Structures are given as structure tokens and as C-alpha cells.
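Asks: the following comprises the amino acid sequence and a computationally predicted model.
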Amino acid sequence: MALGEQLWYPELQTASIQANLDYLKYQGKVDNSSLMWVGSSNNLSRAISATGKVMDADAGLRLPVLCTQTAPFATSASQPKNNTQYQVTVHSNNQDYTG
């Protein structure tokens with residue numbers, strides 16, 4: 001976790017995650033039967049389905065993860081141009097993209 005993020009926890013009581021799950025479905029990255037790891041509870045591994053159902057899951061499964069995103073909202077005016085704390089660089093097609 002290069003940005004220091006962690007697994008998403010249903011107990012965070014943030015806004016509903018369902019809109020994000022629906023967007024992943026819209027993109028074709030998941031379907032209703034897809035599962036993603038979320039934070040554990042009482043030492044039990046848990047996953048969330050693309051329909052938003054959180055369930056206990058076998059820790060031996062290979063699943064993608066659903067992580068948090070805690071970087072603050074920023075504009076070019078509110079952040080110094082050399083602040084790299086929340087930047088990620090990806091190399092693709094012989095180009096480096098930073099955002």
C-alpha cells in the first residue's frame with residue numbers, strides 16, 4: 001500500500017459504499033457475484049459483494065481488496081506544486097504519468 005491506505009471497514013460509517021460498487025459494476029470490473037476483501041472483525045476475515053453484502057470469508061481466497069482513500073481534496077491553488085505526498089506515478093507505453 002504505497003499511499004498508506006488500509007482496507008475499507010463497514011464500521012467507518014462513511015457515506016454508502018454502494019455507489020462505488022455500482023460504478024465498478026458499470027465499468028465491468030466486477031459483477032454481482034464478485035467479492036472483495038474488507039477489514040476484518042473479531043479476527044474473522046470479511047469480504048463485500050458487489051451488491052454491498054458484507055460476509056465472513058475464507059482467508060485462503062485470492063480476492064481483490066477494497067481500500068480507503070484519505071487524501072484530502074486539493075486543487076493546484078491549494079497544494080504546493082512540489083507536494084508529492086499523495087502523488088502516484090505509473091509507467092505505461094514508454095510514458096510516465098503522475099497524478
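Replies: Received it, and whenever you're ready, just let me know what you need. Numbers count the residues shown, from 1 in each chain.

Asks: residue boundaries of the helices in this structure?
Replies: Using DSSP state H, the helices of the chain run over 18-26.

Asks: so where is it shaky, pLDDT-wise?
Replies: 1-4, 13-15, 70-76, 78-83, 85-86 (pLDDT under 70).

Asks: gap between the residue nearest to the spatial centre of the chain and Gln95?
Replies: Nearest to the geometric centre of the chain sits Cys67, at 3.0 Å (Cα atoms, centre = their mean). Using Cβ to Cβ, to the nearest Å, Cys67 is found at 25 Å from Gln95. All C-beta spots, glycine's among them, are computed from the backbone N, C-alpha and C.

Asks: isn't Val38 up against Ser45?
Replies: No. Applying Cβ atoms under 8 Å as the test, Val38 and Ser45 come out as separate, 9.2 Å apart.

Asks: which one of those two is surrounded by more residues?
Replies: For Val38 versus Ser45, neighbours defined as other Cβ atoms under 10 Å are more numerous around Val38 (24 against 17).

Asks: so what pairs up with that one in the strands?
Replies: Here Val38 sits in beta bridges with Arg46, going by DSSP bridges.
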